[in-house]
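Asker: build me a model:
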Amino acid sequence: MELLEEIQTELNESNATSDDISNFFNNAVDTLGNCALAVASMYGSIEVVDALLDLDSFEVDIENRRDGDAALHKAVSYINKQKPSEWETVNGLVYMLLDAGCPPT
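Answerer: Got it, this is the predicted structure:
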């Protein structure tokens, strides 16, 4: 979360528009082609997902290059690796992504 806030601060200080900031996070990918939202989802980082979804013009349906998974798929995979006793806590991640418009397929 701190890195996300630091990047946003630097972009704001460079007079980047809200679209510029969204475009930065939409286009930033890891070596497997996962966007920032997918990476945050695969690690169950609800705070980062929430912060990204608060950005104007943020894309929620970007699929990765490797297997075509989007953030929602990564979130479900993350939840399936958790103990059943933790599902209620982390299910909020899936609901947050669905509410933001992530396609369920």
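
Asker: with adjacent residues omitted, what lies nearest to the residue nearest the centre of the chain?
Answerer: Note on the chain: the residue nearest the mean C-alpha position is Leu37, at 1.7 Å, using Cα atoms, centre = their mean. In space, and not counting its chain neighbours, Leu37 is closest to Ala71: 4.2 Å by Cβ to Cβ, 6 or more residues apart in numbering. In this view, the C-beta of every residue, glycine as well, is placed from N, C-alpha and C.

Asker: do Arg66 as well
Answerer: Leaving aside its chain neighbours, Arg66 sits nearest to Leu32 (4.7 Å; criterion: Cβ to Cβ, 6+ apart).

Asker: for Gly101, grab phi and psi.
Answerer: Backbone geometry at Gly101, expressed as degrees, to the nearest 10, gives phi 100, psi 10.

Asker: now do the contacts for it.
Answerer: By Cβ atoms under 8 Å, 6 or more residues apart in numbering, the contact set of Gly101 is Val60, Asp61.

Asker: who touches stretch 59-77?
Answerer: Stretch 59-77 is contacted from outside by 22, 26, 29, 32-35, 37-42, 44, 49, 53, 93-94, 97-98, 100-104, using Cβ under 8 Å, 6+ apart.

Asker: sorry, back to before: which residues does the residue nearest to Arg66 contact?
Answerer: Leu32 sits next to Asn64, Arg65, Arg66 when contact means Cβ under 8 Å, 6+ apart.

Asker: swap in 10 Å and give it another go.
Answerer: Taking Cβ atoms under 10 Å, 6 or more residues apart in numbering, we find Leu32 in contact with Ala38, Val39, Asn64, Arg65, Arg66, Asp67, Asp69.

Asker: with Ala38 instead?
Answerer: Taking Cβ under 10 Å, 6+ apart, we find Ala38 in contact with 29-30, 32, 49, 62-64, 69-75.

Asker: buried only: go through those residues for me.
Answerer: Buried subset of these (neighbour count, 16 or more other Cβ atoms under 10 Å): Val49, Ile62, Glu63, Asn64, Asp69, Ala70, Ala71, Leu72, His73, Lys74, Ala75.

Asker: what's the closest non-adjacent residue to the fourth one?
Answerer: Among residues not flanking Asn64 along the chain, Gly33 sits closest, at 4.1 Å (Cβ to Cβ, 6+ apart).
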